[in-house]
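Student: quick one: sequence and predicted model below, then my questions.
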Amino acid sequence: MSIGEIEDDKLKKAGTSWDLSGEVFFSARDALDMAKKSRVSNTFFLCSDELLSTALNTSLSLLETIESGWTEKQWQAVHVYEREGTYEKAARVLGVTAPAVQQHCDKAGWNVVRVAEKELARLISLSLKI
């Protein structure tokens, strides 16, 4: 992943992202190469701000580690709960009780993961304003 400006006229003419150039595309390609070589994480973020890249990569690695321990039922509960908006609605979709959905989300640490994801998005947003 990377952040940066994209020139719309070049984007419209490109067949694929590999046809584009510029810092954001070079950084994203480097991040993909890092992910391919890594034994720790599958997600990397690179940009010109080394501090931001380090903070995001550390956080993303921790989130990935947490999520890698989720069971199939936890993944389902989290995704359906996020889509439906309440434990009750998610329970109806999944054919279980609302307390069961809540328990799966709690055991997954979803409240912490959700807050971390929102704060990472906020960090990126704030860095774009600098």
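Tutor: That came in fine, so what should we check first?
Student: pull out the buried positions in the strand or helix carrying residue 79.
Tutor: Using DSSP states H and E, residue 79 sits within helix 72-84. Residues of helix 72-84 classed as buried: 73-74, 76-78, 80-81, 84 (neighbour count, 16 or more other Cβ atoms under 10 Å). In this view, the C-beta of every residue, glycine as well, is placed from N, C-alpha and C.
Student: what of stretch 118-126?
Tutor: Using 16+ other Cβ under 10 Å as the burial criterion, the residues of stretch 118-126 that qualify are residue 120.
Student: please apply the same query to stretch 87-103.
Tutor: Result for stretch 87-103 [16+ other Cβ under 10 Å]: buried residues 87, 90-91, 94, 96, 98, 100-103.
Student: gap between residue 71 and residue 85?
Tutor: Distance, residue 71 to residue 85, using Cβ to Cβ, to the nearest Å: 22 Å.
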